[in-house]
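Engineer: okay, here's the prediction I keep looking at, along with the sequence it came from:
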Amino acid sequence: MDLKSNTSPVVTDPAPMTQSRLGTHSALMPYSPTGATFSPTLFLTIPRKKPGILDDVRSNTWLDAMKSSSPTHSKKNKDSNAELTANESDLAYRIWMLKYPSALSSFEQITNYAKGKRIALFLDYDGTLSPIVDDPDRAFMSGAMRATVRNVAKYFPTAIISGRSRDKVYDFVGLAELYYAGSHGMDIMGPVRSVSDDYSCIRSTNKQGKEVNLFQPAGEFLPMIDEVFRSLIELTKDITGAKVENNKFCVSVHYRNVDEKSWSAIGESVDELLKHYPRLRLTHGRKVLEVRPVLNWDKGKAVEFLLESLGLKNCDDVLPIYVGDDRTDEDAFKVLREGNKGYGILVSSAPKESSAFYSLRDPSEVMEFLKCLVSWKKSSGFSY
């Protein structure tokens, strides 16, 4: 079997799309967006849009964006089945899975394509390795998940890419054998290998005393981020349930525990403050507003950097797999899809558009998928 020629994404053997197939749409498979090839050059620019408007929401207000990215379901709605019955919801999800098949049920197809290739794993943290919880400081991964991640890292190079600060996500995971990228990839600790001149790295040591490369493209923003963090603490101190988190190169304003009537107060506080910081931008996730530098860097760029650091970039025999649940993970999904490089796996229990190829429902299915990878590796006889 000619494995390298097996690149057409069909239901029986979905594989990354070749350049000749970009733009070909199938009702049964994810859409195939086109896009410019990645240039690692960073651009620090002043946004041309009006300050305070969410960068990825053009026609809605910031409050509309908060609501759309953080749907709420009251007990009344649940009890009265005001939106969808359980059967209708299940049907919608099964139809959605025609476009984003389960990575578990499609495991044989994934591993068929992976034969003879070196897999590199990239994992989000919140909602992927740990459940989404009301208190972000208590987003602990289970002991079983930690053991699974430790085991998978024995067989595949594995990195955690999170919106959390690198130190914080390391404290949650606690595994020295992994590579870590915090602040949406703006703070990366990776293996000591030569990288291109586009990446200005410094040598450092991790907590175990091992020498590593440290890459922080947003280093100049640290004083500004600290200033904004202190301001947001003060501005939101009277909003019950609001929590401001300093993730080193970005600031997260959590409103998961805030009454929806007070969401506008949070949005106004962040919006007004950022009018004074044109080099910072506002993005949003699952009941969180995030203040980030205006910088051409994201989780997708972090994947590119880590692949190069691992000596795996631009190699035909490498299959990167990225597993994540959040809107910020879409940047990584797009890099893998548009570059015909690997698979994105979206963790979601509800239908939503994505650039991923596959899906998993929740962290328990993520753990099962990782266990399957280890079992396959042990039985396959292929070495990294």
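Structural biologist: It's in.
Engineer: just the buried positions in stretch 343-351, please.
Structural biologist: Neighbour-count burial for stretch 343-351 flags Tyr343, Gly344, Ile345, Leu346, Val347, Ser348, Pro351 (criterion: 16 or more other C-beta atoms under 10 Å). C-betas here are computed from N, CA, C, even on glycine.
Engineer: hang on, the first one packs against Ser359?
Structural biologist: No: with the criterion set as C-beta atoms under 8 Å, Tyr343 and Ser359 do not qualify as a contacting pair; they are 11.0 Å apart.
Engineer: need the residues touching each of these two.
Structural biologist: The overlap between the contact sets of Tyr343 and Ser359 (C-beta atoms under 8 Å, 6 or more residues apart in numbering) consists of Ala103.
Engineer: which SS class is the nearest residue to Gly342 once chain neighbours are set aside?
Structural biologist: Nearest non-adjacent residue to Gly342, counting by C-beta to C-beta, 6 or more residues apart in numbering: Pro320, 3.6 Å away. Of the three states, Pro320 takes strand under DSSP: H, G, I helix; E, B strand; the rest coil.
Engineer: got it, and the one 3 residues further on?
Structural biologist: Reduced to three states with three-state DSSP, the structure at Val323 is strand.
Engineer: excluding chain neighbours, what is closest to it?
Structural biologist: Spatially, and ignoring its direct neighbours in sequence, Val323 is nearest to Ile345 (4.5 Å; C-beta to C-beta, 6+ apart).
Engineer: okay but that neighbour is in contact with Asp325, surely?
Structural biologist: No: when contacts are counted by C-beta under 8 Å, Ile345 is not listed as touching Asp325 (9.6 Å).
Engineer: who's in contact with Gly127?
Structural biologist: Contact partners of Gly127, counting by C-beta under 8 Å, 6+ apart, are Arg286, Gly324, Asp325, Asp326, Val347, Pro363.
Engineer: check pLDDT for those residues and point me to the minimum.
Structural biologist: The lowest pLDDT within the contacts of Gly127 belongs to Arg286, with 82.
Engineer: burial count for that one?
Structural biologist: Neighbours of Arg286 under the rule other C-beta atoms under 10 Å: 15.
Engineer: for the residue lying closest to Ala242 once chain neighbours are set aside, phi and psi?
Structural biologist: The shortest distance from Ala242 to any non-neighbouring residue, by C-beta to C-beta, 6+ apart, is to Thr236 (4.2 Å). Backbone dihedrals for Thr236, given as degrees, to the nearest 10, come out at phi -110, psi 10.
Engineer: what's the spacing between Thr236 and Glu108?
Structural biologist: Here Thr236 is placed at a distance of 49 Å from Glu108 (C-beta to C-beta, to the nearest Å).
Engineer: more neighbours: which of these two?
Structural biologist: Neighbour count, other C-beta under 10 Å: between Thr236 and Glu108, Thr236 has more, with 22 against 12.
Engineer: need the buried residues of stretch 343-351 in JSON lines (columns: distance to Leu310).
Structural biologist: Below are the buried residues of stretch 343-351 laid out as JSON lines (distance: C-beta to C-beta, whole Å):
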{"residue": "Tyr343", "distance to Leu310": "17"}
{"residue": "Gly344", "distance to Leu310": "18"}
{"residue": "Ile345", "distance to Leu310": "19"}
{"residue": "Leu346", "distance to Leu310": "24"}
{"residue": "Val347", "distance to Leu310": "23"}
{"residue": "Ser348", "distance to Leu310": "28"}
{"residue": "Pro351", "distance to Leu310": "34"}
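Engineer: report how many residues lie close to Val374.
Structural biologist: 16.
Engineer: so it touches Val149, yeah?
Structural biologist: No: with contacts counted by C-beta under 8 Å, Val374 stays clear of Val149, the gap being 10.4 Å.
Engineer: need the overlap of contacts for the two.
Structural biologist: Common neighbours of Val374 and Val149 (C-beta under 8 Å, 6+ apart) do not exist.
Engineer: thinking the residue nearest to Gly342 is in contact with Ala120, fair?
Structural biologist: Yes: between Pro320 and Ala120 there is a contact under C-beta under 8 Å: 4.7 Å.
Engineer: tell me the angle the helix or strand harbouring the residue nearest to Val323 makes with strand 318-324.
Structural biologist: According to DSSP states H and E, Ile345 maps onto strand 343-347. Here the directions of strand 343-347 and strand 318-324 differ by 20 degrees (axes from the mean of the first three to the mean of the last three C-alpha atoms, to 10 degrees).
Engineer: list the contacts of the residue nearest to Val323.
Structural biologist: Ile345 sits in contact with Ala103, Ile321, Tyr322, Val323, Gly324, Ala356, Phe357, Tyr358, Ser359, Leu360, Phe369, where contact means C-beta under 8 Å, 6+ apart.
Engineer: please redo it, this time with the cut-off set to 7 Å
Structural biologist: Contacts here follow C-beta atoms under 7 Å, 6 or more residues apart in numbering; on that basis Ile345 touches Ala103, Ile321, Tyr322, Val323, Ala356, Tyr358, Ser359, Leu360.
Engineer: what bridges to it?
Structural biologist: Beta-bridge partners for Ile345, by DSSP bridges, are Val323, Tyr358.
Engineer: now Asp90: how far from Ser349?
Structural biologist: Counting by C-beta to C-beta, the gap from Asp90 to Ser349 is 11 Å.
Engineer: nope, Ser231 is what I was after
Structural biologist: 36 Å.
Engineer: go on, Phe107?
Structural biologist: In terms of C-beta to C-beta, Phe107 sits 19 Å off from Ser349.
Engineer: assign the closest residue in space to Val253 that isn't next to it in sequence to helix, strand or coil.
Structural biologist: What sits nearest to Val253 in space, not counting adjacent residues and going by C-beta to C-beta, 6+ apart, is Leu289, at 4.4 Å. Recorded secondary structure, Leu289: strand (three-state DSSP).
Engineer: for Leu289, give the beta-bridge partners.
Structural biologist: In beta-bridge terms (that is, DSSP bridges), Leu289 pairs with Val253, His284.
Engineer: next up, the contacts around it.
Structural biologist: The neighbourhood of Leu289, defined by C-beta under 7 Å, 6+ apart, consists of Val253, Val270, Leu282.
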